[in-house]
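Novice: quick one: sequence and predicted model below, then my questions.
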Amino acid sequence: MDSPEIVQGIKARFPGSVSVSEPYPEEVCLEVDSGAFKDICLTLHKKLRSPVMMLFAVDERECLKRFTIHAVFINAKKGQWFTVTTAVPRETPSFNALATAIHSAALFEREIREMFGIEPAGNPDIRRLNLHNEVWPEGNYPLRKDFTAVEAGNSAPEYKFDRVEGEGIFEVPVGPVHAGIIGPGHFRFSVAGEPIINLETRLGFTHRGVEKLFEGMPYADASGLAERVSGDSSFAHSLACVRAFEKIFGVSVPARATYLRSIFLELERMYNHINDIGGMAVDVGFSFPAAYASIVKEAILQLNEKLTGNRYLKTTVVTGGIRHDINEIKTKILLGCLDGIRHDFDEAVKILTSSISFMDRVDTTGVLRRKTAEDLGVLGLAGRASGIALDLRSYDTGPYKKAKFKMAVEQSGDVLARLNLRIAEFRESCRLIGFFIDDLPQAKECYTTAAPKAGSGIGYTEGWRGPVLYWIKTDAKGAIERCKVVDPSFHNWQGLSYAVLGNIIPDFPLCNKSFDLSYSGNDL
Amino acid sequence: MLYIFKSRLLKGVVTRQIEPGLRGEVEAAGFQLRALITEKFGRSLHIREVDTGSCGACESEIIAANNPIYDIQRFGINFVASPRHADALLVTGPVSKNMLCALKKTYDAMPEPKFVITAGDCALDGGAFKNSYYVEGAVSKVLPVVLHIPGCPPSPLTIIQTLLAFFESGRPH
């Protein structure tokens, strides 16, 4: 269904309670009465078949004497964003919970409650996510504008894990400190014999208050913090962040810069995909291809350093363009390295896929069904492995469109599907980079200056895990008033909890690695 | 199986394949480090890593130091799965409030003698997150840190060279 048609339908059904604006060609904003908020969100959810992509609050008590709630949906056919906004009174901050009708809103509502003290009325689960009960006293809401620092203390009730009870059922607690060199998180398995019958993931251990740190930050500094939200997606995060500013300021990025950005985005995707392919080999104890994969990863990291001076592509992107041009010498280095990388990659994949015992471990392990994935709002690579065909690169009107980007989708939703998808995407990335280099527009400048102004908008990019979304509101000087960050990990951690059900605990690391979600991107 | 052997022979020893300049630096630092570790710790130094809220880039670089290119294990440094097996604790991240308790418990679980190393700018003073309501900032406010490895994130070569400089200076006592 087309966007104008949907908007007309909503206007007809809720006369007088909706006002529509289109601040940008790809964004439709609906300001709605609080009474109609839930029904309109549900209509969009059903018509667009879109999960809640973002749901967040903004504290506007100072100027407008209210909080606002924003729910963001995507029209997957057109790549168009729908933002539904409603006001929440400051005296009795509460809104009708979406979670009872749309499951993908559940975690967002818990977040809004702990960060703003706005009650999602009707949400059956209001436990805190990031501000752990053990260290954070109740009644302190850090994302309110009038928040002042508090001493840590324990005045909140104990966090209650979901409990499975019955004969022979026992719990296995794991974390937050794990055996590997990896981020912290707590996993509570309930098992009956070998199979897992429930997994509850408690995260938030790497919560650093990123969204609060963004507030008041000048736009030129923001990408530096965005790079540190999730270290393995630093380019995708900084790109999504600056794209939000470019949208608000009305900056048109030089064509050469959009090509260079796409090259770096694909390099980031490649080193992470091969890292995960190696990680899956490690988790079944197959060390030879894992070592091979880490050689490929190191080769890409060293290539990144040669091109930009940073192994993780930090400080590469700026609002209005890109800092590091790729000249002729660098082009030669890039193409030369790419040949070697492709050869080693094929070799590693061949060793892996020709091992029957490896394939037996990954086939039909950790299945995430399409229906479950849709309900949970699983996105990006994990979603595509379960048949949800959504890749933000396919809406690009620049380099990706010209390169005829082909989205890879798998249907089975198991570890093998996620492995195959990574292999396919790695090869596609190699092809894309080759095309981008051939087609690189000639231009002296790969950077334009930006004139800051007040506004708000969504910046997005398809990182290697999935859509990285930044909703930013700026003041007249271009400083950030509110920044909401959604890393695909936030949606996808729930998917992992369902994928492992019925599998045995020894297969958990394998399932986990096949998703490879970010702790810090989720916890912010 | 045969294919693996063939591939193994064709690929050769990859630690020799990195760029000549880099290889020289890695090995020059590494083999001195090897000698010092043999002298100080008998045979090898065992490190337990704890992430207290880092973005994951430091972890990625520590893992890279273990890859076949740098192969920090050949210089006598092993990363272990439990604090019970460790001589040293390597801490990354700005110590989020949620990790404070786990960090202290990990340290307490280590047998004496033990020492603490930090890696990455966050662990030094909170880095990009130092003004946050939810971080403690410097790891040294919580544990007795004897060495800091700088960088955001520190590269594998920096990790090797900083460790070498530290042992060369005669520490830890």
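Specialist: Arrived safely, thanks for sending. The structure presented is a predicted model; accordingly, all values stated were derived computationally and were not measured.

Novice: where along chain B do the helices fall?
Specialist: B:2-11, B:20-41, B:57-65, B:97-108, B:121-125, B:156-168 (DSSP state H).

Novice: could you dump the second one to CSV, C-alpha only?
Specialist: Pointing back at helix B:20-41 there. Only the C-alpha atoms of helix B:20-41 are listed here, as CSV (Å, rounded to 0.1, in the frame of the first residue of the first chain):
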residue,chain,number,x,y,z
PRO,B,20,58.4,-6.5,6.7
GLY,B,21,58.4,-3.3,8.8
LEU,B,22,55.6,-4.4,11.0
ARG,B,23,57.0,-7.9,11.4
GLY,B,24,60.4,-6.5,12.4
GLU,B,25,58.8,-4.3,15.1
VAL,B,26,56.5,-7.1,16.4
GLU,B,27,59.3,-9.6,16.6
ALA,B,28,61.9,-7.2,18.0
ALA,B,29,59.6,-6.3,20.9
GLY,B,30,58.1,-9.7,21.2
PHE,B,31,61.3,-11.8,21.6
GLN,B,32,62.6,-9.4,24.2
LEU,B,33,59.3,-9.7,26.0
ARG,B,34,59.6,-13.5,25.8
ALA,B,35,63.0,-13.4,27.5
LEU,B,36,61.7,-11.1,30.3
ILE,B,37,58.6,-13.2,30.9
THR,B,38,60.7,-16.3,31.1
GLU,B,39,62.9,-14.6,33.6
LYS,B,40,60.2,-13.0,35.7
PHE,B,41,57.3,-15.5,35.6
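
Novice: that helix: how far from the chain's middle?
Specialist: Mean-position distance between helix B:20-41 and its chain equals 14 Å (Cα atoms, centre = their mean, to the nearest Å).

Novice: now do the shortest one
Specialist: Between the centre of helix B:121-125 and the centre of its chain there are 15 Å (Cα atoms, centre = their mean).

Novice: so B:Thr52 touches B:Leu89, yeah?
Specialist: No: contact criterion Cβ atoms under 8 Å: B:Thr52 and B:Leu89 do not qualify, at 10.8 Å. Just so you know, the C-beta spots here come from the backbone N, C-alpha and C atoms, and that holds for glycine as well.

Novice: who's more crowded, these two?
Specialist: Between B:Thr52 and B:Leu89, counting by other Cβ atoms under 10 Å in any protein chain shown, B:Thr52 is the more crowded of the two (31 against 23).

Novice: how about low-confidence regions in chain A?
Specialist: Residues of chain A meeting the criterion pLDDT under 70: A:1, A:154-155.

Novice: could you do chain B as well?
Specialist: Using pLDDT under 70, chain B drops low at B:14-18, B:20, B:173.

Novice: mind listing what the closest residue to A:Pro488 other than its chain neighbours touches?
Specialist: Excluding the flanking residues, the one nearest A:Pro488 by Cβ to Cβ, 6 or more residues apart in numbering or on different chains is A:Gly466, at 3.2 Å. By Cβ atoms under 8 Å, 6 or more residues apart in numbering or on different chains, A:Gly466 lies in contact with A:Leu379, A:Gly380, A:Leu381, A:Ala382, A:Gly383, A:Pro488, A:His491, A:Asn492.

Novice: just to revisit the earlier point, chain A: which of the helices of chain B is closest?
Specialist: Of all the helices of chain B, it is helix B:57-65 that lies closest to chain A, at 2.9 Å by Cβ to the nearest Cβ.

Novice: same for that closest one, what does it pack against?
Specialist: Under the contact criterion of 3 or more Cβ pairs under 8 Å, 6 or more residues apart in numbering or on different chains; DSSP states H and E, helix B:57-65 touches helix A:287-308, strand B:45-51, strand B:88-92, helix B:156-168.

Novice: could you give the angle of the shortest one to helix B:57-65?
Specialist: Our comparison of strand B:88-92 with helix B:57-65, counting by axes from the mean of the first three to the mean of the last three Cα atoms, to 10 degrees, yields an angle of 130 degrees.

Novice: just how off-centre is strand B:88-92 within its chain?
Specialist: Relative to the centre of its chain, strand B:88-92 is centred 7 Å away, using Cα atoms, centre = their mean.

Novice: and that strand, what does it pack onto?
Specialist: With contacts taken as 3+ Cβ pairs under 8 Å, 6+ apart, strand B:88-92 sits against strand B:45-51, helix B:57-65, helix B:97-108, strand B:115-119, helix B:121-125.

Novice: who's in contact with the last one?
Specialist: I take that to be helix B:121-125. The contact list for helix B:121-125 (Cβ under 8 Å, 6+ apart) reads B:52-55, B:58, B:91-95, B:118, B:127-129, B:137-139, B:148, B:150-152.

Novice: got the contact list for A:Trp493?
Specialist: With Cβ under 8 Å, 6+ apart, A:Trp493 has these contacts: A:Thr201, A:Leu203, A:Leu517, A:Asn522.

Novice: if you set the cut-off to 6 Å instead, what comes out?
Specialist: With contact set as Cβ atoms under 6 Å, 6 or more residues apart in numbering or on different chains, A:Trp493 has these partners: A:Thr201, A:Leu517, A:Asn522.
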